[in-house]
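**Q** Have a look at this fold, sequence not included:
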């Protein structure tokens with residue numbers, strides 16, 4: 001009697017396991033962290049704040065310069081460059097109107113990129129970490145009332161821009177409400193910083209004083225709201 005033929009091993013078994021490991025939630029999250037660290041390191045070495053001192057490349061003028069700045073703005077926010085600095089630069093380089101348009105476009109672009117990265121690379125892994133009371137509450141609000149929640153986060157300064165983007169990415173809210181809420185909610189504070197940057201050479205002008213007053217009052221209001229919310233959660 002002939003010996004039974006041994007069962008063939010599944011083709012590509014090792015390759016399949018390697019593929020699953022490579023594209024596992026934690027591998028994708030590690031890739032996201034590595035990308036963000038590399039981007040942040042690049043920005044630290046590049047020192048984008050030099051734009052305020054040296055200006056924009058003279059070869060770019062008009063609408064082309066503003067569009068290019070908006071693109072650079074979006075990429076810089078992904079790399080954790082503070083938006084107030086970029087907003088001041090937008091006003092100083094392009095004036096109030098064009099600077100506001102470029103800054104808002106860059107804000108929405110940067111938020112969209114961060115949201116997409118967080119959704120594709122980090123959502124599956126990060127959702128397994130949503131065990132704390134605050135994290136579960138944030139996830140519930142963003143999943144059920146995403147537009148309203150993101151709008152509130154953008155209107156009141158204090159929550160880091162990148163943190164809000166990635167927190168929203170872990171929820172179940174969609175792209176359109178996230179981007180629309182980001183664009184609308186970012187208008188007041190972005191406009192204030194852009195106007196301040198455009199009037200920086202005239203620090204006693206009414207426009208500059210009004211912009212700075214709005215920045216101070218909105219920041220103080222956000223601090224009060226944050227303190228009251230924290231106190232309520234802590235005693236609840």
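**A** That came in fine, so what should we check first? Bear in mind the structure is a predicted one, so any value in this text is a computation, not a measurement. Numbering: from 1, shown residues only.

**Q** drop to CA atoms for contacts and neighbour counts, all remaining ones
**A** Noted.

**Q** which other helices and strands contact the helix ranked longest in the chain?
**A** Criterion DSSP state H: the longest helix present in the chain is helix 83-117. Applying 3 or more C-alpha pairs under 8 Å, 6 or more residues apart in numbering; DSSP states H and E, one finds that helix 83-117 contacts helix 50-54, helix 62-78, helix 161-170, helix 175-185, helix 187-198.

**Q** who wins for proximity to residue 107 among those helices?
**A** Across the helices and strands packed on helix 83-117, residue 107 has its closest neighbour in helix 62-78 (5.9 Å, C-alpha to C-alpha).

**Q** pull the helix or strand with minimum mean pLDDT from the chain.
**A** The weakest-scoring helix or strand in the chain, judged by mean pLDDT, DSSP states H and E, is helix 50-54 (a mean of 55).

**Q** Tabulate the helices and strands packed on helix 83-117 (CSV), appending mean neighbour count and distance to residue 90.
**A** Putting those into CSV (neighbours: other C-alpha atoms under 10 Å; distance: least, C-alpha to C-alpha, whole Å) gives the following:
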stretch, mean neighbour count, distance to residue 90
helix 50-54, 12, 9
helix 62-78, 20, 8
helix 161-170, 21, 17
helix 175-185, 18, 16
helix 187-198, 25, 6
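
**Q** any chance of those in TSV, plus distance to residue 115?
**A** Listed next are the helices and strands packed on helix 83-117 as TSV, based on distance: least, C-alpha to C-alpha, whole Å:
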stretch	distance to residue 115
helix 50-54	26
helix 62-78	10
helix 161-170	5
helix 175-185	8
helix 187-198	19
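
**Q** Go through those helices and name the closest to residue 37.
**A** Ranking the helices and strands packed on helix 83-117 by their distance to residue 37 (criterion: C-alpha to C-alpha) puts helix 62-78 first, at 10.5 Å.

**Q** mean confidence for that closest one?
**A** When pLDDT is averaged over helix 62-78, the result is 88.

**Q** likewise stretch 146-160?
**A** If you average the pLDDT over stretch 146-160, you get 84.

**Q** For that stretch, list every residue counted as buried.
**A** Using 16 or more other C-alpha atoms under 10 Å as the test for burial, stretch 146-160 gives 146-147, 149-151, 153-158.

**Q** low pLDDT regions in the protein?
**A** 1-26, 28-29, 47-61, 122-143, 225-226, 228-236 (pLDDT under 70).

**Q** If anything else comes up later, I'll come back, but that's it for now.
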